[in-house]
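> prediction below, plus the sequence it came from.
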Amino acid sequence: MGNPLGRYLLTLSRLWGTSLAMQFEYQANLLLEVVAAVANLLGSLLLLSLFYGGGRALGGWSWPQALVVLGVYTLLEGITSTWLRPNLSTIVGHVQQGTLDFVLLKPIDSQFWLSTSRISLMGLPEIATGLGLMIWAAGQAGIRITPWLMIQTLLMLVASGLLLYSLWFLVSTTSIWFVKTWNATEVLRAALSSGRYPISAFPTAVRRFFTIVLPVAFLTTVPAEAMLGRLTLPWLLLSLMVACIGLALSRAFWQFALRFYTSASS
Amino acid sequence: MAPSSSTSPSPSPIIRVDGLSKTYRVATKDPGLAGTLRHFLQRRYKDVAAVRDVSFQIQPGEMVGFLGPNGAGKTTTLKMLTGLIHPSAGKALVAGYTPHRRQANFLRRITLVMGQKQQLLWDLPALDSLRVNAAVYGIDEAESRHRIHDLAEMLDLGAELKRPLRKLSLGQRMKTELLAALLHRPEVLFLDEPTLGLDVNAQARVRSFLADYNQRFGATVLLTSHYMADITALCPRVLLIHEGRLFHDGSLDALTQRLAPCREVRLELAAPWPLEALRTYGEVESCEGVVVHLLIRRDALTAAISRLLAELPVRDLEVRDPPIEELIGSLFVQGTLS
Amino acid sequence: MRNTAFSSRAVSSRALRSPKVRPLQSLQHGWRVARALFASQYALMLEYRAEIVLWALAGMVPFIMLAIWIESPAGAALGMGPTQLARYFLAAFVVRQFTVAWVMTVFEEDALQGRLSPMLLQPLHPFWRYLASHVAEQATRLPFVALIATLFFLVLPWAFWLPTPQRALLTLAATFLAFVLNFLIQCTMACMCFWSDRVNALERLIYIPILFLSGTAAPLDAFPPALRRLAEATPFPLLVNFPAQLLSGGEVQIAAGFTALAIWITGLFLLMTLLWRIGVKRYGAMGA
């Protein structure tokens, strides 16, 4: 039978293998994805540039500094396309077709299965451009890239990724009640698009909202601060804490949703 | 109407159900635009009892059929036994576990197959999905290859396992579903309309496979179907569910006897006979020229037949049970036993 | 049964005698179909009230951008004070709500699920169905948009305004035409379904210029002149920027805008009809 961790790791590797195999069944439109990634980046650059010029700055962030934030945002968009969207959109499909039952009957954690069963290559262009932009812009801002800096940034990116996952999973879970809510994730995406800009670009009240209620600040601004060597210990710890709370909430909400599903379905 | 039990409680049933019930709250909507607006502003609900106070026990290795019209509560009962639905009241124990807690060890001992719904990945060959399942259930490479080979032989599957699932016919897909569902050698099989939509040959093959599997591995099989042929071929024991209640728990013959105290006698006479005279032998169902159908009570059958043969110019005589579908159908239409 | 047979015979003989009756009949018929379609789609939309609310919320990008624009000195440099910015972005939100279209998604799904063939067999172009569902959804959205606008004015009372009657009328006309334009863009691209299996990559692509060039995220006045000329060569600014400027009382070239709308709508309509004809033939040939 093997130990549980080994079983989960083996399952994961096989799930991803099959998922990749599935994509090659249909000629993956990688070219269109690259075009979309570039177009998105250009558009974001355009919007950002409207606030600069004439010696102005956005929220006290210089142009290269703001580009680091945009880089983190692009990177997170890539992670969404690679990992979050392929998986969490399957939840809606399962609920609609009644195949969620099969997932629940497997002797493996359902949240794990639904969160990891798919992986897509479509987000790779955005991950690459996001990382590239981060590193280039940091250089332009006069930052020396040291190993310690990279470790901090990586840590914050991981926390940011987990927080993003929690938000997506929380929203996708609502499909158990609403069934047709592939558009709930659209609301999330619209809200998260505020992450293109440094948090200080917003008025104070909105800033508080985006830190406490919907933690967009932790998604893009905090990793950008890490990259720019400005991360302080309280913020680092706070970011890790927020990620853990997010994960715990997503789990609790999922269990709650399952209890509803098993009581209400016919 | 109390259900008639054919077996007295035994020392170690693998499935024990006690007073199981399930009630749903459903939103109701009046038709028309006014109804739509009212529904939009304030939803109204009513309680629907899907399963009412069902109790039974099943021994290991039994093959049991759930019979009943659509919406009777068969699938709901089945899902409560697999733990997919929380019961509103009552208890169920399957292989010693409480199903709705969905413990990993419980999940390893059962399997659910649903007609026209698949767990296998659509775009890939079944073998790829099977590898994932093997990892999930913790079956090692060699053992899983061995089991796949065995099951494929029993199911008459070969190259189909290597083709993408979407390219197989419905019958072949169902067979690969069965293979995937049985890879981990569960002790209890729950099958919800497994032959739904299959052609006659495919249905027959699935049935013979299930009987075969039950023989070889001694697995307990619970099957819901509204194809009588499934039930008559596979299930010596039948649970009839009607409007959420357990109506009958016993053999199919016992059910027939219970539902139809009469048997049908078909007579072919040498010459037409007056109706009033025929009526003295039993109830005349139909009389067309020389062909007469009579309904005669079972206890009076032998006496009546000897009289018929002695007193009438009988050319041909046939005794049969009314088809069980008709009996059950008419039962559900009337809602009572005659 | 007998009555309709009698009346249909009467109709046909009447029709032979006076051809003038026919156009009126087809108009009545068309109206009946439209009413039936709308009623059923409206009932359907009301079933999914949660989804409608979410769709309205998904249009929150103008509000996010407003927050940044108000805080940044860039707006003032444009000559747009906070009041003007607030009015523009609220107008952009409202306009976007009533011009959004999603034909590509539903069309692709219907084609994949095999629901297209029965639709093609009916004497009603499938796009009329989609139009009915879009209009029905807009009708369902109206209360939520009104609610959001009210909340907006509660939070920013200094931005409150009511458009002049002429502006209001012009806005209605421009919004309606912008919706038709967006709908046609979607329909034209949806025809791609006849050639390719998966058009959702194309769909993702079309939303990019809509987000950046239509005026949803920033008024076109803020664009550098060269970029602005480029954007105005596309139909996208007509979708949001033009009606929103009309509504919020900003400076806008009214005649040029409406002319551009007319040209783009006509052009796309012709293109779409052509693509549809070729596509349906191909669809039939493939043995759908």
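Yep, that arrived. Numbers count the residues shown, from 1 in each chain, chains lettered A, B, ... in the order given.

> can you list the buried residues in the helix ranked longest in chain C?
Scanning chain C for the longest helix, with DSSP state H as the assignment, gives helix C:254-285. Within helix C:254-285, the residues scored as buried using 16 or more other Cβ atoms under 10 Å in any protein chain shown are C:257-258, C:260-261, C:264-265, C:268, C:272, C:275-276, C:279-280, C:283. Quick note: C-beta positions are derived from backbone N, CA and C, even for glycine.

> got it, and stretch C:127-138?
Buried, per 16+ other Cβ under 10 Å, within stretch C:127-138: C:127, C:129-138.

> neighbouring contacts of it?
Identification of contacts with stretch C:127-138 by Cβ atoms under 8 Å, 6 or more residues apart in numbering or on different chains yields C:34, C:37-38, C:41-42, C:44-45, C:52, C:55, C:97-98, C:101-103, C:106-107, C:119, C:179, C:183, C:187.

> can you pull out the low-pLDDT segments for the stretch 101-250 of chain A?
In the predicted model of the stretch 101-250 of chain A, residues A:179-182 satisfy pLDDT under 70.

> same check on the stretch 51-200 of chain C?
Looking at the stretch 51-200 of chain C by pLDDT under 70, you get C:197-198.

> what does it put close to chain A?
C:51, C:54-55, C:57-61, C:64, C:67-68, C:70-74, C:77, C:197-198 (Cβ under 8 Å from any Cβ of the partner chain).

> which of those residues fall within strands?
Judged by DSSP state E, strands contain none of these.

> quick one on the thing from earlier: got the buried residues of stretch C:127-138 as JSON lines, with distance to C:Phe153 and secondary structure columns?
Formatted as JSON lines, the buried residues of stretch C:127-138 follow (distance: Cβ to Cβ, whole Å; DSSP: H, G, I helix; E, B strand; the rest coil):
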{"residue": "C:Phe127", "distance to C:Phe153": "37", "secondary structure": "helix"}
{"residue": "C:Arg129", "distance to C:Phe153": "37", "secondary structure": "helix"}
{"residue": "C:Tyr130", "distance to C:Phe153": "34", "secondary structure": "helix"}
{"residue": "C:Leu131", "distance to C:Phe153": "32", "secondary structure": "helix"}
{"residue": "C:Ala132", "distance to C:Phe153": "32", "secondary structure": "helix"}
{"residue": "C:Ser133", "distance to C:Phe153": "31", "secondary structure": "helix"}
{"residue": "C:His134", "distance to C:Phe153": "28", "secondary structure": "helix"}
{"residue": "C:Val135", "distance to C:Phe153": "27", "secondary structure": "helix"}
{"residue": "C:Ala136", "distance to C:Phe153": "27", "secondary structure": "helix"}
{"residue": "C:Glu137", "distance to C:Phe153": "25", "secondary structure": "helix"}
{"residue": "C:Gln138", "distance to C:Phe153": "22", "secondary structure": "helix"}
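
> and A:Thr174, how many neighbours?
18 (other Cβ atoms under 10 Å in any protein chain shown).

> B:Ser251 now?
With other Cβ under 10 Å as criterion, B:Ser251 counts 14.

> same question for B:Ala270.
B:Ala270: 10 neighbours (other Cβ under 10 Å).

> next, the contact list for the closest residue to B:Ile14 other than its chain neighbours, please.
In this structure, B:Ile14 finds its nearest non-sequential neighbour in B:Pro60, 4.4 Å apart by Cβ to Cβ, 6 or more residues apart in numbering or on different chains. By Cβ under 8 Å, 6+ apart, the contact set of B:Pro60 is B:12-14, B:187, B:218, B:220.

> just flag the most distant two among these.
B:Pro13 and B:Gly218 (14.6 Å; Cβ to Cβ).

> ok, back up a step: let me know the closest of the buried residues of stretch C:127-138 to A:Leu155.
Closest to A:Leu155, out of all of those and judged by Cβ to Cβ, is C:Glu137, at 44.5 Å.

> who in chain A is up against chain C?
A:26, A:29, A:32-33, A:35-36, A:39-40, A:43-44, A:46-47, A:50-52, A:54, A:56, A:58-59, A:178, A:180-181, A:183-184, A:186-187, A:189-191, A:193-194, A:197, A:201-203, A:206.

> now, of those, which are buried?
Here, 16+ other Cβ under 10 Å leaves A:29, A:32-33, A:35-36, A:40, A:43-44, A:46-47, A:50-52, A:58-59, A:178, A:181, A:183-184, A:186-187, A:189-191, A:193-194, A:197, A:201-202, A:206 buried among the residues of chain A next to chain C.

> mark which of those are part of helices, please.
Those of these lying in helices (DSSP H): A:32-33, A:35-36, A:40, A:43-44, A:46-47, A:178, A:184, A:186-187, A:189-191, A:206.

> narrow the contacts of stretch C:127-138 to those in strands?
Going by DSSP E, the strands hold none of the contacts of stretch C:127-138.

> out of those, which end up buried?
So, by 16+ other Cβ under 10 Å, the buried ones in the contacts of stretch C:127-138 are C:37-38, C:41-42, C:45, C:52, C:55, C:97-98, C:101-103, C:106-107, C:179, C:183, C:187.
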